[in-house]
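S.K.: Just the structure for this:
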Amino acid sequence: MRHPRFWQGGANETSCKVEIAEFQHAFTSKLKGKKVVEDETAIFELGVEEDDAPVKWYKDGVEIIPDGKRITIVSEGKKRKLVIKNCKLDDTGMITAKTTGDESSAPLDVNYHNGFKKGMRDFKQCVEREQIIFNVEVKDPNAPVDFFINGEPVDTSDGRCEVKDLGDGKRQLIINKAQMGDAGTVTCKTPSNKGDEIIESKSNFNVIKGEEAPVMGDCGPVTGVAKKACAMTIPYKVEGEKQSDLEIIVEGPDGKVLKMGKDANLTVHGDRIQLDLINPTREKSGKYKVTMKNAQGTCEKWIDVNIQDKPTPPQSCKVTDVFHDNCVVHWTPPKDDGGTPIKKYVVECVDTTTGNATWSPCASTDDGGPKKIKVENLTQGHKYRFRVVAANKIGVSDPCEMKGDDILMKDPWDEPDPCGKPDILDWSPNHADLAWDPPAFDGGAPITHYIIEQKEKNMGQWVEGKVLTVKEVEEMGKKIKGKVDGLVEGCEYQFRVRAVNKGGPSKPGPPSASMIAKHRFIPPHMIGDGIFDITLKKGRPIRYDLWFGGEPAPSCEWIRNGRTLATDDATSIELYSKNAIYTERNTVLSIPKADRDRDTGRYTIKLVCEAGTFEASANVNVLDVPLKPRNLQPDEIRAEHVKLSWLPPEDDGGTPITSYLVRYMDIDSGN
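M.R.: So this is what the prediction gives:
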């Protein structure tokens with residue numbers, strides 16, 4: 001109903017329900033969705049059936065109020081338009097046109113006018129092995145962004161290259177551990193959202209050579225002075241761009257790490273480091289290990305450090321070859337020369353006899369080579385002590401003093417000890433061979449010769465008999481053998497020996513046994529007629545009185561019938577000697593009453609000595625009556641006669657049987 005009219009009736013009324021509704025219009029077309037980018041214009045249009053059809057526009061259910069500038073609503077006959085200029089992202093939504101009786105909706109998609117809000121820097125560089133990051137920011141956070149290196153898509157498969165979406169259109173290309181070959185151009189591409197247009201951002205980048213492991217140069221043997229200074233300078237270089245801190249560690253000879261500021265001071269310069277030891281001492285000498293390292297590697301160097309100081313004392317001191325005014329002092333070098341050669345040794349002495357306990361130099365060497373020196377101009381009979389110091393270019397060592405008793409200045413020898421008692425080994429009418437024990441102590445000097453002294457028996461004076469050099473004597477085991485000649489035959493001698501060295505002759509040794517100068521060996525022999533046969537009657541005496549000789553004096557043995565005789569009741573054996581140069585002995589065998597059975601036989605005298613053996617024999621026949629005949633028996637018996645036979649007696653009494661005497665007896669008469 002367009003123009004309703006109401007009439008008022010009479011008294012009688014009737015009623016009905018009247019509904020008045022808008023005229024229902026309809027759209028003749030549908031809205032079409034629009035896709036635009038920022039700042040573009042979006043036009044939505046559709047047709048209506050009637051020119052006066054009202055149309056309202058909505059976005060996401062909210063009526064759109066035109067502002068006459070950016071948003072306008074146009075009604076032209078049967079056409080209706082919604083014009084949105086300079087579209088904004090916020091304009092995105094569902095656009096709805098409504099009229100009475102109909103509506104139509106279509107989406108408005110306002111996309112970014114994509115571009116780089118922030119592009120890459122035109123040029124970048126990084127250091128090898130470091131990370132380089134390329135940042136871009138695009139307007140459209142949802143737009144695809146692709147990175148290229150030198151025209152090739154970035155390969156992220158090995159993890160070294162990463163592409164990150166940080167949100168809000170921020171993207172990153174991260175190259176980890178950049179390599180020299182990575183240098184070139186990085187390109188970032190993204191669509192502008194206008195058709196197929198692709199926009200780019202480029203950056204040229206360079207990879208600078210990264211740092212390498214440090215390399216230290218040689219540092220020759222370093223020399224310092226104790227308690228003064230010891231500095232060492234070590235050249236080094238690190239090629240490439242610095243990427244990490246340089247760490248330096250110094251280990252001492254004991255293997256312990258030096259504490260900087262306490263043990264040493266370390267100064268690092270661009271091409272060298274300087275290490276100064278604090279309070280250097282000799283004990284700190286040795287091999288120092290310097291380790292320099294950075295993130296790329298380590299370099300080590302061993303440096304020989306010699307901290308010089310005065311030498312340690314000589315290790316020993318002793319004195320030899322002491323004479324009345326000089327001696328020789330020996331020493332052994334110091335255990336440590338202080339790190340520099342010994343220039344000289346100085347010997348000092350103190351005279352302890354005078355009571356002046358002042359040490360004073362008494363000798364010195366010209367250089368450090370000798371290990372002994374002769375000290376002269378000392379006072380005979382005084383006692384001294386000695387010590388030695390070593391000197392190098394730094395200074396003088398502490399002294400090393402001799403050990404033991406003070407040194408008495410005297411010649412190192414005395415006269416020898418006495419020789420032993422001589423043994424007489426051999427002799428002749430004019431010489432004697434002697435052997436004696438040498439002195440127990442030679443007096444400190446070699447024996448040069450021996451003096452053999454001799455004395456004749458019953459003479460009180462010893463005289464020099466023979467002087468023998470050591471070359472003229474012989475060693476016989478532990479004894480010394482020598483010969484003295486010029487003796488007089490028949491004289492009886494004793495001998496004694498003195499040993500002689502540089503100190504003079506020794507006291508005489510004990511005298512030998514006496515000896516007579518004569519032939520030592522003469523075979524045993526008889527003097528005079530010798531032994532002879534004896535025949536005598538029983539009861540008469542038997543006597544042998546014989547003289548014999550030989551050298552040495554022979555022993556005498558009497559033998560009868562193979563058995564040795566000795567003095568007994570029936571026999572007497574006596575021995576006498578004559579006082580003469582050579583042996584003359586008298587042996588007397590005496591049997592006062594001879595007995596045939598006992599004493600008859602062969603007598604032998606046996607003489608024995610070292611020169612040989614002598615034997616002589618004789619027969620002794622003691623005469624006696626015969627023994628009785630044997631086996632007497634009648635061979636023929638007659639009235640007037642009888643024939644008898646018998647055997648001769650076993651012993652004829654020492655002489656032949658001359659006759660037999662036959663006797664008979666009358667048994668009856670007894671006559």
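
S.K.: What is the neighbour count of the closest residue to Asp90 other than its chain neighbours?
M.R.: Nearest non-adjacent residue to Asp90, counting by Cβ to Cβ, 6 or more residues apart in numbering: Val110, 7.8 Å away. Any C-beta I mention is one placed from the backbone N, CA and C, and that applies to glycine too. By the criterion of other Cβ atoms under 10 Å, Val110 has 21 neighbours.

S.K.: What residues does Val110 make contact with?
M.R.: By Cβ atoms under 8 Å, 6 or more residues apart in numbering, the residues touching Val110 are 36-38, 42, 87-92.

S.K.: Show me where this protein dips below the pLDDT cut-off.
M.R.: 1-11 (pLDDT under 70).

S.K.: before we move on, back to that, which two among the contacts of Val110 are spaced furthest apart?
M.R.: Across the contacts of Val110, the longest distance by Cβ to Cβ is 13.8 Å; it joins Val37 and Asp90.

S.K.: Can you name the residues in contact with stretch 422-441?
M.R.: 416-421, 447, 452, 476, 478-490, 493, 495-497, 499, 506, 509, 511-513, 515, 517-520.

S.K.: May I see the contacts of Val110 organised as a markdown table, with neighbour count added?
M.R.: Output for these, formatted as a markdown table (neighbours: other Cβ atoms under 10 Å):
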| residue | neighbour count |
| --- | --- |
| Val36 | 20 |
| Val37 | 19 |
| Glu38 | 18 |
| Ala42 | 21 |
| Cys87 | 22 |
| Lys88 | 11 |
| Leu89 | 13 |
| Asp90 | 8 |
| Asp91 | 20 |
| Thr92 | 18 |
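
S.K.: Strands - which of the residues you listed land there?
M.R.: 36-37, 42 (DSSP state E).

S.K.: hmm, back to that, Three-state assignment for the residue nearest to Asp90, please.
M.R.: Assigned with DSSP: H, G, I helix; E, B strand; the rest coil, Val110 falls in the strand class.

S.K.: Just grab the bridge partners of it for me.
M.R.: Val110 has these beta-bridge partners by DSSP bridges: Val36.

S.K.: And for Arg560?
M.R.: With DSSP bridges as the rule, Arg560 is bridged to Arg563, Tyr603.

S.K.: Could you confirm Asp597 falls within a strand?
M.R.: No. Counting by three-state DSSP, Asp597 is located in no strand; its state is helix.

S.K.: Quick one: residues contacting it.
M.R.: With contact set as Cβ under 8 Å, 6+ apart, Asp597 has no partners.

S.K.: run the last query once more with 10 Å
M.R.: Shown in contact with Asp597 (Cβ atoms under 10 Å, 6 or more residues apart in numbering): 538, 622, 624, 651.

S.K.: Just to check, the first one is in contact with Ile591?
M.R.: No. Applying Cβ atoms under 10 Å as the test, Lys538 and Ile591 come out as separate, 11.4 Å apart.

S.K.: rewinding a little: nearest to Asn392, of the ones in strands among the contacts of Val110?
M.R.: Val37 (94.1 Å).

S.K.: need the contact list for the closest residue to that closest one other than its chain neighbours.
M.R.: Excluding the flanking residues, the one nearest Val37 by Cβ to Cβ, 6+ apart is His113, at 4.3 Å. Applying Cβ under 10 Å, 6+ apart, we find His113 in contact with 36-40, 87, 89, 139-140, 192-194.

S.K.: Buried only: go through the contacts of stretch 422-441 for me.
M.R.: Among the contacts of stretch 422-441, those scoring as buried are 416-420, 447, 452, 479-484, 487, 493, 495-497, 499, 506, 509, 511-512, 515, 517-518, 520 (criterion: 16 or more other Cβ atoms under 10 Å).

S.K.: List the residues that are in contact with both of Lys538 and Ile591.
M.R.: Contacts common to Lys538 and Ile591, judged by Cβ under 10 Å, 6+ apart, are 599, 622.

S.K.: Need the three-state assignment for the residue nearest to Val37.
M.R.: Per three-state DSSP, His113 ends up coil.

S.K.: Mark which of the buried ones among the contacts of stretch 422-441 are part of strands, please.
M.R.: By the criterion of DSSP E, membership of those in strands covers 452, 479-484, 493, 495-497, 499, 515.

S.K.: now those residues in JSON lines, with distance to Trp359?
M.R.: JSON lines is the format used below for those (distance: Cβ to Cβ, whole Å):
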{"residue": "Ile452", "distance to Trp359": "51"}
{"residue": "Lys479", "distance to Trp359": "50"}
{"residue": "Ile480", "distance to Trp359": "47"}
{"residue": "Lys481", "distance to Trp359": "53"}
{"residue": "Gly482", "distance to Trp359": "51"}
{"residue": "Lys483", "distance to Trp359": "56"}
{"residue": "Val484", "distance to Trp359": "56"}
{"residue": "Tyr493", "distance to Trp359": "60"}
{"residue": "Phe495", "distance to Trp359": "55"}
{"residue": "Arg496", "distance to Trp359": "50"}
{"residue": "Val497", "distance to Trp359": "48"}
{"residue": "Ala499", "distance to Trp359": "41"}
{"residue": "Met515", "distance to Trp359": "63"}
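
S.K.: out of those residues, what pair is the most spread apart?
M.R.: In those, two members sit farther apart than any others by Cβ to Cβ. They are Ala499 and Met515, at 21.9 Å.

S.K.: Now do the same contact list for the spatially closest residue to Lys410 that is not a sequence neighbour.
M.R.: Leaving aside its sequence neighbours, Lys410 sits nearest to His324 (Cβ to Cβ, 6+ apart; 5.4 Å). By Cβ under 10 Å, 6+ apart, the residues touching His324 are 378-381, 408-412.

S.K.: Tell me how far Gly504 lies from Pro370.
M.R.: Going from Gly504 to Pro370 by Cβ to Cβ, to the nearest Å gives 34 Å.

S.K.: which non-adjacent residue is nearest Ile73?
M.R.: Nearest residue to Ile73, sequence neighbours excluded (Cβ to Cβ, 6+ apart): Pro66, at 4.8 Å.

S.K.: Good, wrapping up.
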